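> Below: sequence and its predicted model.
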Amino acid sequence: MFRVVRPLGESTPHNALYLTRRLVTARECALRVLGADLVATPESRSRFDELSRVRARIHSDHVIDLLDAGVDKATGAPWFAMPFIEGKSLAVHARARLPESEVLEILAQLTHALGALHDAEYIHGPLDPAKILMVESEHYGSPFTVKVLDFWTSTWLRESAGSDDRPGVATLLWSAPEQVAAGADVGPPADVWSFGLLAFRLLTGKAYWKAGAHPKEAAAKDVLQEITAAPLEPAGERARSLGCTHPLPDGFDEWFARCVARPVDERFADIDEAITALAPLLGDGAAADDGPVDDDAPSGPSALRDRIQALPPWVRSPDFAIPAALTLTILLALGIRTVVRSSSSSATRPSAPGFVATAPTAPAAPAAPAAPVRVAVDERITAELVRRLGTAPRGSPAWIAASPDDAEAMARANQLRAIFTRAGWEVRPIQTFSGRLRPGYFVFAGDEEPPTHVTTIPQAFEAVGLTTVYSRGYRAYYQERLFADPNFAGIAFEPNQTFVVVVGRAP
């Protein structure tokens, strides 16, 4: 099935990684080969088979895909085949501290991965930045895509009683106390602990633990002492003691303390709660700072592809048949798991299963600026929007959506609904969803060549200085997917629907 090209990295008896090429397709793959003793019993083989099937339940493309898995007939060795992806590890990318907006983007994408794992009843384990990859953007509106690389192998080795692999210092630096305690229950709060440590690392360029300054020289017992017993300094004090001169964001000490509280019940309940509390401290991704110290670190959105390549997969659609464009726009804007619902009291139907939202191939407009400028929609701007929207032809009602979790976004959505109404449009009830979007307005058109009235909407917004992201081409994509897979559970536009506007946090 595979021809080995060369080894990738160091190997152990239970864990070897190779660059391979599939004989049938000639596709390059990363092949992870583990020890045969790990599947020597019926119970261990059953666990391996279950893990190889779990990819279908992990709805995030921020977790590296699993192309195939099996057990070699000749050697009895279990193996995983994954895409071979080239990029820069987060450890290299974040050799120096990163801008707060970039930190929030990285952590939001990791939230998507971790939340998807938790939904599938798995945890990730230590978030070692050396095993997190930064690759060319796969998401419209983001300058990069974050990939978690080691879930499959680390999970299998962690669950395999036959493995004699023990975590090294590099792994212990990101491990929660319960992960190093024999017999302790380990759940999603362990990932919250590691998530907090990673946030500190990205904002300072330093590992929180003192042993992390020289990990190759540190002893595992010293790291364990710090994790389990040493006093936990406030993040700001620890950063200064490590030589960091740039202050941490206001409120970060308290946020960090909740992540790394040794009693599990004192941590954030889950990863979504952690990112929701962190986002305002980092200016919702819009705060400017003086950027990374390392001149080699990439910055800005220049690496963005000019075509949509993929979207974060899977979103659940409950009672109301809301437009698929709303679902996709939310995913485009947020990059993390989102549950969509409707505030309308219209007739209901059973909840639809999640659907894989791979992107349409239609070209998309340039992304919104990384640090949008706040623009108050005062009466002058309102009047100008009414004038511009009032001159557009009417091809469909106006669909507007916002999150009730964000009072300001809901207020702006109601304001926008009133503007469309004053401009003479038929306006549908505001659609709602859980989650928090990036700043700005997101216009998603159903057609690759949308009618004029659709294109005038983002033009009108931009003309008055409102940060806008415009994408198109979902309707044809939906039909293609439905033809290829009759069970595809996406939701089609209504017959007369041509677009939806989703309102994010105020820019």
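Good, I have the coordinates.
> Which residues outside stretch 172-186 are in contact with it?
The contact list for stretch 172-186, computed with CB atoms under 8 Å, 6 or more residues apart in numbering, reads 123, 125-128, 167, 189-190, 193-194, 197-198, 207, 209, 211-212, 215, 220, 223-224, 227-228, 262, 264. Using the backbone N, CA and C atoms, a C-beta is placed for each residue, glycine as well.
> Endpoint to endpoint, it covers what distance?
By CA to CA, to the nearest Å, the extent of stretch 172-186 from end to end equals 15 Å.
> quick check: mean pLDDT across that stretch?
Across stretch 172-186, the average pLDDT comes to 85.
> Can you give me the buried ones in it?
Residues 172-180, 186 are the ones in stretch 172-186 that count as buried (16 or more other CB atoms under 10 Å).
> Just the closest of those residues to F2, please.
W174 (31.0 Å; CB to CB).
> separation between the closest residue to that closest one other than its chain neighbours and K216?
Leaving out its chain neighbours, the residue that sits closest to W174 by CB to CB, 6 or more residues apart in numbering is P126, at 3.6 Å. Going from P126 to K216 by CB to CB, to the nearest Å gives 17 Å.
> Can you show me the strands along the stretch 201-350 of the chain?
For the stretch 201-350 of the chain, applying DSSP state E, counting those that start in this stretch gives strands covering 339-342.
> What ranges in it fall below the confidence cut-off?
284-350 (pLDDT under 70).
> what's the span of stretch 423-440, first residue to last?
Start-to-end, stretch 423-440 (CA to CA) is 21 Å.
> How about L198: what's its closest non-neighbour residue?
Using CB to CB, 6+ apart, the closest residue to L198 is L127 (4.8 Å).
> Tell me if the one you found really is in a helix.
No - L127 sits outside any helix when classified using DSSP: H, G, I helix; E, B strand; the rest coil, being coil.
> Next up, phi/psi of it, please.
In terms of degrees, to the nearest 10, the main-chain angles of L127 are phi -90, psi 70.
> So what does the residue nearest to W174 have for phi and psi?
Main-chain torsions, P126, degrees, to the nearest 10: phi -50, psi 130.
> and it, how many residues sit next to it?
23 (other CB atoms under 10 Å).
> pretty sure it is in contact with V169, am I right?
No - using CB atoms under 8 Å, P126 is not in contact with V169; the gap is 11.2 Å.
> quick one: V148 and A113 touch, right?
Yes - here V148 reaches A113: they are 4.8 Å apart, a contact under CB under 8 Å.
> Out of those two, name the residue with the larger neighbour count.
Neighbour totals were compared for V148 and A113, and A113 leads with 27 against 24 (other CB under 10 Å).
> so which strand or helix has that one?
helix 100-119 (DSSP states H and E).
> what's the spacing between G243 and T204?
Going from G243 to T204 by CB to CB gives 9 Å.
> neighbour count winner among these two?
Neighbours were counted for G243 and for T204 using other CB under 10 Å; T204 has more, 23 against 10.
> Would you agree F444 falls within a helix?
No - F444: not assigned to a helix; according to three-state DSSP it is strand.
> quick revisit: spell out which residues are contacts of both of G243 and T204.
In contact with both G243 and T204: no residue, using CB under 8 Å, 6+ apart.
> how's the protein carved up into domains?
The chain breaks down into these domains under automatic domain parsing: 2-83, 88-285, 324-503.
> Does A30 fall in a helix, a strand, or a coil region?
Strictly by three-state DSSP, A30 counts as strand.
> give the contact list for it.
Contacts here follow CB under 8 Å, 6+ apart; on that basis A30 touches 8, 17-20, 81-85.
> Write the PyMOL selection for whichever of those residues are buried.
Entered in PyMOL, the line below selects the buried ones among those, by 16+ other CB under 10 Å:
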select buried, resi 17+18+20+81+82+84
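> which two in the contacts of A30 are spaced the farthest apart?
Y18 and I85 (14.6 Å).
> Next one: T12 relative to W174, how far apart?
Separation of T12 from W174 (CB to CB): 19 Å.
> Could you count how many residues lie near the residue lying closest to E426 once chain neighbours are set aside?
Nearest non-adjacent residue to E426, counting by CB to CB, 6+ apart: P397, 4.3 Å away. Other residues near P397 come to 16 when the count uses other CB under 10 Å.
> Verify the stated contact: P397 with V500.
No - applying CB under 8 Å, one finds P397 not in contact with V500, separated by 10.2 Å.
> which of the residues in the helix or strand hosting N414 are buried?
Using DSSP H and E, N414 maps to helix 407-422. By neighbour count on 16+ other CB under 10 Å, the buried set for helix 407-422 is 409-410, 412-413, 416-417, 419-420.
> Need the residues you listed in a markdown table (columns: distance to I132 and pLDDT).
Output for these, formatted as a markdown table (distance: CB to CB, whole Å; pLDDT from 0 to 100):
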| residue | distance to I132 | pLDDT |
| --- | --- | --- |
| A409 | 30 | 84 |
| M410 | 34 | 86 |
| R412 | 34 | 87 |
| A413 | 35 | 88 |
| L416 | 37 | 91 |
| R417 | 41 | 90 |
| I419 | 42 | 91 |
| F420 | 42 | 89 |
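> Cool, thanks, talk later.
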